[in-house]
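# build the 3D model from these lines:
(chains A, B and C)
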Amino acid sequence: MHKLLLFCLLLWTNQAQAAQEPPIATGKMLGDTCASCHGTHGRSFDEYMPSLAGINRDQLVAAMKDYRADRRASVVMNRIAKGYNDREIEAIADYFSRIK
Amino acid sequence: MNRRELLKALGASALLLPASALAKTHNKTAHVVIVGGGIGGATAAKYLRLAAPHVQITLVEPVKRFITCLRSTDVIVGHMSLDDITFTYDALRAKYRVNVIHDRVVGLNPDKKTVQLLNGKPLTYDRLVVSPGVDFIQGDVEGYNREVSETVMPHGWKAGPQTLLLKKQLEAMPQGGTYVMVAPPLPYRCPPGPYERASLVAEWFQKHNPKAKVVILDPKDSFTKDVPFKKAWERLYGFNTANSMIEWIPAAQGGKMLRVDAASKTLVAEAGSFKADAVNYIPPQRAGTLAFRMGLTNREGWCPVDRRTFESSIIKDVHVIGDAAIADTMPKSGYSANSQAKVAVQAIADLLAGKTPGEPAMINVCYSLAGQDYGVSIADIFKVVDNRIVKLPASGVSPITDSPAQPLLEAVYQRNWHRTFANDCFA
Amino acid sequence: MNKTFTSPSFAARLATLATWGLLGLSGAVAAQDAKSVTPMPEWEYTQLEQALAKASQGNPESGKHLHHYMYCSACHGDDGNSPSRNWPSLTGQKPDYVVKTLLDYKQDMRRDHYRKAQVMTRISQLLNENQMADLAAYYARQAAPSVPPQTNLKLARQGAKLAQSGDEKRGISACSSCHGEKGESGITPDTPALAGQTPEYFVQAMQMYKAGMRSSDVGGVMRMFAKNLTEKEIQALAHYYASLGSVPGKDN
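Predicted structure coming up:
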């Protein structure tokens, strides 16, 4: 019963949140934009660009936010990271961290 | 169970519901036909399989071995061979259960939802994806036509025989000769391509024909990545000096073409007459002819689409992707075609499952070589706002730095990227 | 320029590299082909000692500048403490080992994960010996890397015994005899410090030795040990050495 209440509360807060913020693409849809360089499903084809599949979620979130804020140097990732907001970065990280 | 774990569990159970519902709608297996096996079409076939395991997928493409345009300039200057940029459909067949038919599409019947093939039986589709690429407009300048382009003034803008013809003409140039490139007006396939080619030809001259030079006649006053390109030309080819190996004549200085004389290899632009030893004439472009035959084009010669699904605004249940589609701020690049294909097939998978397609996400990253060890790039993320594809303002072109590592790394990445990208499309 | 740094075929090797934009589907095959075209050079021990003896005392401040200017920081972290599972941390590394590694790359001796190694091969070719020494001095003056967040302490405990005692029956000597009791490195210049190293990178390096694809170990010592290690043991060793990391001081 307790869990059911929590469930309803979560659903409600999620919907309330969704109503305020513009919709974002799914983690998969966003992740597919990474695949053209990092490999299909984020599994690298043994090239310089690293695999994203199975990456630690928090590590990827931190990396993207560091790139975006120019706290971490890069050749292209600084520019790419600026195209994603916090929620999108988290969705991307959720998606790749779940791929084995 | 903390909040995130609970959300995960909820996400997992939520996924189960539509999956069982989806199985029902797929009692009659949907059939998606994809026409054109270039970067857009191949990516669409592969990613549709990843998004929709049960859909029947047919890809129609005339050739068995597809030569991509990417890196074809490296073929012209001898760093790669045509084989290196040629791909087969073996992986699409074997790994992704795509029925690949090597045939030519000759007609579309939108009412019956069939496409006619030159040799085979008509194909009935539930959804059709068309990735027709570009074709050339070759009658707008006096003296220039298809025959001239296939003999004296190749464009080399679709990799294949013209690429090799151009290579031959480059190698046959007399010492100290002039290579004239005619750049096309926007919109055209691969916006930085002409400038990459001019760069790599100049680099080739440094080694094989040191007094030769490249003249670019351009109907535009600016081009993509022009800031880092010009910086590279200064650093590598003496640009902006009397001995520059590259001369760029923009529209404002008379770069627009008036007429050509194929017999004497002479090009007359507003700026005057240029006698060339090799000519690389890249003509204006429009959607691939197939798109016209199918009735998918507007009066400008390109295919209008719903930007969120790439469904044609003219014919229902038909999606147009890649160079032929009108995609606003998105350049006509292989990378864009790959990204658009992923968006279109996800929308198709959603629609076939009775769902409303979600928010699209698109990207274009393009590395060009200004020299074999000198890369310049552009990286942009796109969103759809009011049925327009808009570029997010923050991303952009390579910064100019004084570090030799930066352009070198971009050149190394370019090669890594090219192999990965080809695999994302074809393997 | 020391003649060990160049060889008559060096230009030819570079040319091979330049034409290496070979394509994806046949890429793995192409990689093998290119390897067979030019045999991978290896160090003789005296040669290495001579090369390192020539290396100057580096200037850590110049090294710090180079670390950013040459984009080392993009992969190895703002101060050399790797933010990623893909690349090694460099902080606290022994200067001789950093210089040796840069020379390995410069001489095209690192063809393990060739397409990844190419970045280091090309960057190191932009560096002269003094710059290599400067970078080495910068990394050496910092504390060993922090314990990477992905370190698995249970696995680490399993690796401890093998690292400290080896397994003589299988011809594996104690890792600590060369790499130090706490992974701080030992007496020979070709022995890196391992404390706090990214475990995924450690595994990758060991797999390359095991497969005989990395030959930058002088005399083939690491190839010999790695050959006899199981995948599970390699994992355990990786997490053991990762667990020995420090919490780094702020970049000084």
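# I figured A:Leu60 was touching A:Ile92, is that so?
Yes - contact criterion C-beta atoms under 8 Å: A:Leu60 and A:Ile92 qualify, at 7.1 Å. (C-beta placed from N, C-alpha, C; glycine too.)
# how near is the residue in chain B positioned nearest to chain A to chain C?
Residue nearest to chain A within chain B (C-beta to the nearest C-beta): B:Ile381, separated by 2.5 Å. Using C-beta to the nearest C-beta, to the nearest Å, one obtains 20 Å as the distance from B:Ile381 to chain C.
# which other helices and strands contact the host helix or strand of that residue?
Assigned by DSSP states H and E, B:Ile381 belongs to strand B:374-385. With contacts defined as 3 or more C-beta pairs under 8 Å, 6 or more residues apart in numbering or on different chains; DSSP states H and E, strand B:374-385 has these neighbours: helix A:77-81, helix B:226-237, strand B:362-371, strand B:388-391, strand B:396-397, helix B:405-426.
# chain C: which of those is closest?
helix B:405-426 (3.9 Å).
# okay, and the beta partners of B:Met181?
Beta-bridge pairing for B:Met181 (DSSP bridges): B:Ile216, B:Asn280.
# now for the residue of chain B closest to chain A: which residues touch it?
A:33, A:80, A:82-84, B:361-363, B:391-392, B:395 (C-beta atoms under 8 Å, 6 or more residues apart in numbering or on different chains).
# so what strands line up beside the strand holding B:Ile381?
Looking at strand B:374-385 with DSSP bridges, its partner strands are strand B:362-371 (antiparallel), strand B:388-391 (antiparallel), strand B:396-397 (antiparallel).
# what about the residue lying closest to B:Arg71 once chain neighbours are set aside, neighbour count?
The shortest distance from B:Arg71 to any non-neighbouring residue, by C-beta to C-beta, 6 or more residues apart in numbering or on different chains, is to B:Ile85 (5.4 Å). B:Ile85 has 23 neighbouring residues, counting by other C-beta atoms under 10 Å in any protein chain shown.
# now the one 5 residues further on
Counted with other C-beta under 10 Å, the burial measure for B:Asp90 works out to 13 neighbours.
# what does the one 4 residues further on give?
Neighbour count for B:Ala94, taken as other C-beta under 10 Å: 9.
# quick one: pLDDT of it?
With respect to pLDDT, B:Ala94 scores 98.
# what segments of the chain are helices?
All of this refers to chain A. Here chain A has its helices, by DSSP state H, at A:2-20, A:27-38, A:57-68, A:77-81, A:86-98.
# chain C was what I was after
C:10-18, C:27-37, C:45-54, C:60-69, C:72-76, C:95-106, C:114-124, C:129-140, C:153-165, C:176-179, C:199-210, C:221-227, C:231-243.
# one step back: was I right about the residue nearest to B:Arg71 contacting B:Phe66?
No - taking contacts as C-beta under 8 Å, B:Ile85 lies outside contact range of B:Phe66: 9.3 Å.
# thinking again about what came up before, need the buried ones from the contacts of B:Ile381 selected in PyMOL.
Listed next is the PyMOL selection for buried residues among the contacts of B:Ile381, using 16 or more other C-beta atoms under 10 Å in any protein chain shown:
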select buried, (chain A and resi 33+80+82+83+84) or (chain B and resi 361+362+363+391+395)
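# still on that earlier bit, may I see the helices of chain A organised as CSV, with distance to chain C and mean pLDDT added?
Listed next are the helices of chain A as CSV, based on distance: least, C-beta to the nearest C-beta, whole Å; pLDDT from 0 to 100:
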stretch, distance to chain C, mean pLDDT
helix A:2-20, 28, 56
helix A:27-38, 11, 98
helix A:57-68, 6, 96
helix A:77-81, 8, 96
helix A:86-98, 12, 98
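# still on that earlier bit, find the nearest non-adjacent residue to the residue of chain B closest to chain A, please.
Using C-beta to C-beta, 6+ apart and skipping residues adjacent in sequence, the residue nearest B:Ile381 is A:Gly83, 2.5 Å away.
# for that neighbour, give me its contacts.
A:Gly83 neighbours (C-beta under 8 Å, 6+ apart): B:363, B:379-381, B:392, B:394-395.
# and which of these is nearest to B:Thr224?
Using C-beta to C-beta, B:Asp380 is the member of the contacts of A:Gly83 that sits closest to B:Thr224, with 10.2 Å.
# isn't A:Asp70 up against A:Asn78?
Yes - with contacts counted by C-beta under 8 Å, A:Asp70 reaches A:Asn78, the gap being 5.7 Å.
# okay, these two: which has more neighbours?
A:Asn78 (21 against 11).
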